[in-house]
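**Student:** I'll drop the sequence and a predicted model, then ask my questions.
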Amino acid sequence: MWATRIKDIKALALLGGLLFPGQAVAQAAEACGTAGTLLMYCSFDGGAKQVGVCLQGDTISYQFGANFNAPELTLASRITDLDHLPYSWANNKIYESVLLRNGDTTYEVFMATWRQSYPGPAWGGIIVTNPDQSQVTLECDHRSLVPSDPFDGIGELTLRTNGLERDPLSRCLRLLSGDIGPEACVGAFREAEVADGTCDQNPLEDLNCWRTESARWSELVDEAFENAMLRLGGPSLEASQRAWLMAQDVDCTLEGRYPFAPDAGVGQCLSENAAARLSFFSDVFGYAEFEG
C-alpha cells in the first residue's frame, strides 16, 4: 500500500528530519490518533495552525486549529459523499484534492507536485470557499507537508474509491508528461504482476498476465468514454468508438506475436489499442482523467 500509516510516520521521525522537519513529523503522527491512515498534514503561519486529514474505514476526518486535542474545526464525511479530484495524466502537475463541506462553506484540501521533477518538492494547502463564493487559500508552511508525495497521501482515496489495493498501470499513466502518450505504459500492470509472482512471463503461461492487463486497460477506456459521452455525447462519437472496437477485434484476433501462446499476443494487442484510444480522448477532448 502507498498510504502513510501512523506507524510509518513515527518511523520517519527517527530519520531526524532527513525527509521532513522533525516537528512536522511528530505533529503529523498526532493527527489521526492511534489508528487510521494519514492523507495529509501540514502547518500554516509558521506552525501557528495545522490541518490533519485522515482516513479510518470509509470515513474521512478533517481537523484544523492550533492543537489537535482542541481543534477549531472538525469535519467528517463518508468517502462516498466526498468530492474527490484525482490527478489527470494530461496535466503537467500531479494534483490531488478532496473537498469537505460545512454547511455552505467548503474546504478543499490539496496536494501537488510537478510531474517533470517527480518525486521532487510538493506543496499543498486549503482552499476555503465561503457561502458568497469568495475564496481564501491557505498555503502550507515550507517543508511541513506530510507525506511529501500526493500518491502516498490524498491519492490513497483513488485506490479506496475504486476498490483497488494497487494499480501500477494508473500510477504510470499519471506520471506521463509532455508528448509521451499512454502507449508508454503498456506492460506496466503485467510487469508488476511478474515481479510479485502473481503471474509468469514464460510465453506458454503469459496469457493470464496480458489478460489481466488488457482488462484493466479496458476499464480505463470505458471510464474515459463514459466521461466523453456525458460531456459531449453525440452519435458521431459513439459511432467512431464502435468502428474502433470492430477494427480492434479484427486486428487483435489476427495478432500472433507469441507463436506458442497467441492469446498472450491478443492481450498485448488489446492493451495497445486501448492505449491508443486513451490518446484519442485526450487529444480530441483534452480532459481525460483516469482513476485507478
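**Tutor:** Nice, thanks for sending it over.
**Student:** how close does the residue positioned nearest the centre of the chain sit to residue 59?
**Tutor:** With the centre of the chain defined as its mean C-alpha position, the nearest residue by CA atoms, centre = their mean is residue 155, 4.4 Å away. Distance, residue 155 to residue 59, using CB to CB, to the nearest Å: 18 Å. To be clear about C-beta, it is placed using only N, CA and C from the backbone, and glycine gets the same treatment.
**Student:** cool, residue 65 as well?
**Tutor:** According to CB to CB, residue 65 stands 19 Å off from residue 59.
**Student:** what about the strands in this protein?
**Tutor:** Remark: strands assigned in the chain by DSSP state E are 4-5, 37-44, 49-56, 59-65, 73-78, 83-85, 93-102, 105-114, 122-129, 135-139.
**Student:** centre of the chain versus the last one, how much separation?
**Tutor:** A distance of 23 Å separates the C-alpha centroid of strand 135-139 from that of its chain, computed with CA atoms, centre = their mean, to the nearest Å.
**Student:** can you list contacts of that strand?
**Tutor:** The list of residues contacting strand 135-139 from outside it, by CB atoms under 8 Å, 6 or more residues apart in numbering, reads 44, 49, 123, 124, 125, 126, 127, 128, 129, 130.
**Student:** how many degrees apart are it and strand 49-56 in direction?
**Tutor:** Orientation check (axes from the mean of the first three to the mean of the last three CA atoms, to 10 degrees): strand 135-139 against strand 49-56 gives 90 degrees.
**Student:** make residue 1 into 56 and carry on from there
**Tutor:** Got it, first residue is 56 now, which makes that one strand 190-194.
**Student:** can you name the residues bridging to the closest residue to residue 99 other than its chain neighbours?
**Tutor:** For residue 99, ignoring the flanking residues on the chain, the nearest one in space by CB to CB, 6 or more residues apart in numbering is residue 193 at 5.3 Å. On the basis of DSSP bridges, residue 193 takes part in beta bridges with residue 181.
**Student:** quick check: residue 193 vs residue 337, distance?
**Tutor:** When distances are taken as CB to CB, residue 193 and residue 337 turn out to be 32 Å apart.
**Student:** who's more crowded, the two?
**Tutor:** Looking at residue 193 and residue 337 with other CB atoms under 10 Å, you find the greater number of neighbours at residue 337, namely 20 against 17.
**Student:** show me what contacts residue 167?
**Tutor:** Contacts for residue 167 were tallied using CB under 8 Å, 6+ apart; they are 148, 149, 150, 151, 177, 178, 179, 205.
**Student:** give me the number of residues near the closest residue to it other than its chain neighbours?
**Tutor:** Excluding the flanking residues, the one nearest residue 167 by CB to CB, 6+ apart is residue 150, at 4.4 Å. Other residues near residue 150 come to 19 when the count uses other CB under 10 Å.
**Student:** these two touch, right, residue 150 and residue 205?
**Tutor:** Yes. Applying CB atoms under 8 Å, one finds residue 150 in contact with residue 205, separated by 7.2 Å.
**Student:** my guess is residue 95 contacts residue 105. True?
**Tutor:** No. Using CB under 8 Å, residue 95 makes no contact with residue 105, being 10.9 Å away.
**Student:** which of these two has more neighbours?
**Tutor:** With neighbours defined as other CB under 10 Å, residue 95 and residue 105 compare such that residue 95 has more, 30 against 25.
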